[in-house]
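Visitor: Got a sequence here, can you model it:
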Amino acid sequence: MTCIKPGRLFALSSTLALVFTQQTASAASAIPDARIVREPPLAVLRGAPPQPGVLGQILAAGRQRTSGGRSEVFYDLAVRYVDGKIYNPDTTQQDAVRLRAYQGEVTNPQVPYVAPRVDIWPGETFRLNLRNDLPADDPSCPASPDHDHNIPHCFNTTNIHTHGLWVSPAGNSDNVLLKIAPQTTFQYEFNIPADHPAGTFWYHSHVHGTTALQVSSGMAGPLIIRGDRLPQAKSNGSLTPGDIDTLLVAPNGQPLRERTLLLQQIAYACRDQDGNIKRDANGKWLCTAGDVGEIEGYDQFGITVNGGVLATQWNASGRRTAINGLVEPYVVDAMAGTVERWRLIHAGVRDTIRLSFRKLDPVQATALPLKGLLARQRFIEKACTGKPLAQFAIAGDGLTRSAISQRDTTLLQPAYREDLLMVFPEPGTYCIVDETLRPEQSVNNESFPRELLGYVEVNGAAAGLSPATVLRQTLETAARVRMPAGKVRNQVLADLANGLKLSAFVPHGDIADHELTGNRTLGFQIVLPPGQAPRFEIGKIDFSSGPPAPLDSAPYKQEEVQRQLALEAVEEWKLTSFSFGHPFHIHVNPFQIVSVKDPQGNEVSGAPVPDANGIPSQYANMKGSWRDTLFVEQGHMITIRSRYRRYTGDFVLHCHILDHEDQGMMQNVRVSQTGSGEDGGSGHQH
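Guide: Okay, the predicted model is just below:
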C-alpha cells in the first residue's frame, strides 16, 4: 500500500482489449494464470493419532470438526529462505528475491510469500510444530549480551503470534516472549476455548527486534475461526449470540462465496557493492539483471529525518502492496447480483489503505499507457472513474458488529481485519483502488495519490436490483431458513429490517459504567534528540496541568512489567499520541470503543461527517464496536474499555508499525490474580 500501483506482467492494453471484446463469461481466460489471485493455500490439518485398535481408528476417521468438538489438530510449518519473483510495475520486470518465509505442505511455490490459511473450530486444540530452518550463523546477532535490545537484531530467530485470538499468552501457547533459535523445532499448543468467537484472524512472527523484517518478508498467514453455533433463546427473553457464519448462506443453501485477501508490503531491496540500496533517477528502489532483492536491514524501514521532517522509506521505495502474494492482480469469477464475503487482512508493515471498488472504463483502459509513474497516475484518474461501489462491513478485527456498516470506502491500518459483504451490480472489470487520505490519517503521515491495487472480473447478467436490496433479501432468506423458529428467527428478521442490525451475533456485550473497576492511560511518543536516532516510546498521560502531556514515557524495557492488570478487572483506558499516529494493539483481550474525540473535542466515532475533501474521520461508525487494534491519530483522545477474562500471564501491547515496535514502542503486560490497581499518580484522569 504505497504510491500508485499499477503495472503488468503483460501488455495491459492488448489484454483489456481481449477482455472487453469477448463474452463476459470467458473474459477471465484472457488473463494469464500468474496474474489471478488464488486463495491462500488451506493447511491440511492432521487429526490426533488414532487410539489402539480398530474402534479407535474408526472413531478417528469419522471425526467431524464442529464448534466445541474438543479435538486436536496438528500442522507442521517451517521457516526458511525461499527464492522467488515479485513483479515491479516501475520497470515492468519480475524482480528476483530471496526472503524468509513460512513453508507448509501446501505452499504454492509460484507464490511462496503467503503462508497457508489455517481453519480452526472453537473447542479445538491446535498443535503447531514450528521448525526454524534459517541459518544458525546469524551476523545480525550482537556479540555482547549487554546490547541495546531496541536496536533490531537476530533476524534468524523467530516465533509465532496468533493475532487477535483469545487464548493463553503463557507457556507454549501465544507466548511472544519465546524465541525459537535457528535450526530448532518447537511445538505450540493453542487451546481454542469452546466459546471463542468465529471470525477473521491471522498469524505472524513476533520476536522483538526482528518483527518488521520477518513480517515484511511475507511471514504471515490467515487464521480463520469457523463457527456453526446458532443464536439461542434464554429463559429471561434474551438471546445467546450465535456465529455470523450461520447467517451467511446463499438462497441455494450453500455458504456465501468467500475470498480471503492478505495485503502485504514486501519491502525488498537490491544493494550495490558498498551495501547501499540501489535507486533509479527518481530515487525509487531499483533491481537490475542479476540482482537478488532481500530484506536484511532496518534501513529498508522506518523514517529519515531532514530538518525535523520525517519521511518513510516505504513511500520512497516505490514498492507496491501485494494481494495474496501478487502485485496488481485480478480477482476473478465473481458473479453479478450475488453476495460474497471478503475477508481482508492488513498483514503489511508500512502503509494505510483506503479501499474502494470502481468500475473500469474500457475505452480509456485500452487507450492509456501504463509504464512510468505519471502514466499510471493518469490511468487511474481516467480509467478507474466509476462511482465507488457500496461495501457492507459485518466485522472488524474478526468480531461481528452490532449492525452492518454501509460505506463506499474501507480504511485498513496495519493489523486491521475487515469482513465485507460485496455485491457487484453488473458484469465487467472493477478497479480495486487505494483512495487518497489526509497525511495525519496514515501511518506514514504523508500524502499520496490514488493507487491501483488490482482488478475484479465480474461475470453474469446485471442484477436489476441495488446491492443493498440484494444483500437484504439474501440475509432475510437465510434467516427464514436457517434460524431457529420462534423468538430467535423473529428477532433476527426484525433486526435486519431495522438498519441491518446483527445483535443476535455480537460475541461481546457492552461494558457498562457500573462494571468498571479502574482506569489506565497510554500515550505514544517519538522523541527526536538532536544528532541522535529517534526514540520510540510509550508512557502514560498527564492531565494534571492543562493540555494532556506525556508522563513516564520511555522505550521498551524487556526486563520490566510496565502494566500489572488484575484478572476479572474491567478497566477504561484513555489513548492518545503526542507525535504522529500509531496503531495500538494489545494481545489476548479485545477492547470496546467508547469515544473518539478530535483535537477540537468533537466526537468523531459516530455517523460519518466528510471534510471539505469528502474524506470522513477514520473512526466513523466505530462507536461501540470491538477491536484488538486501533489507530491513534495524533491529538485525538480515544476511550476504550476491556475485560481481563480467563487468562493470566505475560504479554505485550505495542505500536503495530512493526519497525516502531522493534525499536522500543512496546510495553510488557501481566495479568495476575491481584494485579496492581490503577496506573495511579497524575496519569489518572479524574
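Visitor: What mean pLDDT does stretch 120-138 get?
Guide: For stretch 120-138, mean pLDDT is 96.
Visitor: before we move on, what about stretch 535-555?
Guide: 96.
Visitor: give me every residue that touches Gln406.
Guide: In this structure, Gln406 makes contact with 390-393, 468, 500, judged by Cβ atoms under 8 Å, 6 or more residues apart in numbering. Any C-beta I mention is one placed from the backbone N, CA and C, and that applies to glycine too.
Visitor: Now intersect the residues you listed with the helices, please.
Guide: Residues of those located in helices (DSSP state H): Ala468.
Visitor: Return the member of the contacts of Gln406 nearest to Ala620.
Guide: Ala393 (11.0 Å; Cβ to Cβ).
Visitor: Please report how far the residue lying closest to the closest one once chain neighbours are set aside lies from Ile394.
Guide: The spatial neighbour of Ala393 that comes closest, neighbours along the chain excluded (Cβ to Cβ, 6 or more residues apart in numbering), is Ser405 at 4.3 Å. Look at Ser405 and Ile394: by Cβ to Cβ, to the nearest Å, they are 8 Å apart.
Visitor: Now do the contacts for the residue nearest to Ala393.
Guide: Shown in contact with Ser405 (Cβ under 8 Å, 6+ apart): 392-393, 621.
Visitor: if you set the cut-off to 10 Å instead, what comes out?
Guide: Neighbouring residues of Ser405 by Cβ atoms under 10 Å, 6 or more residues apart in numbering: 391-396, 418, 420, 500, 608, 620-622, 625.
Visitor: That one sits in which helix or strand?
Guide: Secondary structure from DSSP states H and E places Ser405 in strand 399-407.
Visitor: Can you mark which positions in the next helix or strand after that strand are buried?
Guide: Remark: after strand 399-407, the chain's next helix or strand is strand 410-412, criterion DSSP H and E. By neighbour count on 16 or more other Cβ atoms under 10 Å, the buried set for strand 410-412 is 410-412.
Visitor: residues near Leu516, how many?
Guide: Leu516: 13 surrounding residues under other Cβ atoms under 10 Å.
Visitor: before we move on, back to that, what's the overlap in contacts for Ser405 and Ile394?
Guide: Contact criterion Cβ under 10 Å, 6+ apart; residues bridging Ser405 and Ile394 by contacting each: 418, 420, 500.
Visitor: Could you find the closest non-adjacent residue to the last one?
Guide: Think Leu500. Leu500 sits nearest to Ile404 (Cβ to Cβ, 6+ apart), 3.9 Å away.
Visitor: Tell me if I'm right that that neighbour and Phe392 touch.
Guide: Yes - when contacts are counted by Cβ atoms under 10 Å, Ile404 is listed as touching Phe392 (5.1 Å).
Visitor: What is the end-to-end distance of stretch 662-676?
Guide: End-to-end distance of stretch 662-676 (Cα to Cα, to the nearest Å): 27 Å.
Visitor: list the buried ones in that stretch?
Guide: Neighbour-count burial for stretch 662-676, with 16+ other Cβ under 10 Å as criterion, is recorded at 662-671, 675.
Visitor: go on, stretch 498-513?
Guide: For stretch 498-513, a neighbour-count test (16+ other Cβ under 10 Å) marks 500-508, 511 as buried.
Visitor: swap in stretch 478-486?
Guide: Buried residues in stretch 478-486 (16+ other Cβ under 10 Å): 478-479, 482-483.
Visitor: what does stretch 33-49 give?
Guide: Going by 16+ other Cβ under 10 Å, stretch 33-49 has these buried residues: 35-38, 40-41, 43, 45.
Visitor: same thing with stretch 517-526?
Guide: Neighbour-count burial for stretch 517-526, counted by 16+ other Cβ under 10 Å, picks out 518-526.
Visitor: Of those, which belong to strands?
Guide: Judged by DSSP state E, the subset of those located in strands is 518-526.
Visitor: returning to that earlier point: out of the contacts of Gln406, which end up buried?
Guide: 390-393, 500.
Visitor: Helices along the stretch 1-150 of the chain, start to end?
Guide: Ranges of helices in the stretch 1-150 of the chain, per DSSP state H, counting those that start in this stretch, are 12-21, 54-61.
Visitor: The chain too?
Guide: Using DSSP H, helices in the chain cover 12-21, 54-61, 211-216, 313-317, 362-367, 373-383, 467-482, 487-497, 658-662.
Visitor: how about JSON lines for these, with distance to Ile593 and mean pLDDT added?
Guide: Below are those laid out as JSON lines (distance: least, Cβ to Cβ, whole Å; pLDDT from 0 to 100):
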{"stretch": "helix 12-21", "distance to Ile593": "42", "mean pLDDT": "39"}
{"stretch": "helix 54-61", "distance to Ile593": "44", "mean pLDDT": "38"}
{"stretch": "helix 211-216", "distance to Ile593": "25", "mean pLDDT": "98"}
{"stretch": "helix 313-317", "distance to Ile593": "27", "mean pLDDT": "86"}
{"stretch": "helix 362-367", "distance to Ile593": "40", "mean pLDDT": "84"}
{"stretch": "helix 373-383", "distance to Ile593": "33", "mean pLDDT": "83"}
{"stretch": "helix 467-482", "distance to Ile593": "25", "mean pLDDT": "97"}
{"stretch": "helix 487-497", "distance to Ile593": "21", "mean pLDDT": "97"}
{"stretch": "helix 658-662", "distance to Ile593": "22", "mean pLDDT": "97"}
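Visitor: can you put those in a markdown table and add distance to Asn191?
Guide: A markdown table is the format used below for these (distance: least, Cβ to Cβ, whole Å):
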| stretch | distance to Asn191 |
| --- | --- |
| helix 12-21 | 49 |
| helix 54-61 | 20 |
| helix 211-216 | 24 |
| helix 313-317 | 37 |
| helix 362-367 | 51 |
| helix 373-383 | 47 |
| helix 467-482 | 29 |
| helix 487-497 | 29 |
| helix 658-662 | 26 |
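Visitor: who wins for proximity to Leu134 among these?
Guide: Closest to Leu134 of those is helix 211-216 (Cβ to Cβ; 9.7 Å).
Visitor: Run me through the strand neighbours of the biggest strand by length in the chain, direction for each.
Guide: Counting by DSSP E, the longest strand found in the chain is strand 72-88. Within its sheet, and counting by DSSP bridges, strand 72-88 is paired with strand 46-47 (antiparallel), strand 93-103 (antiparallel), strand 125-132 (parallel).
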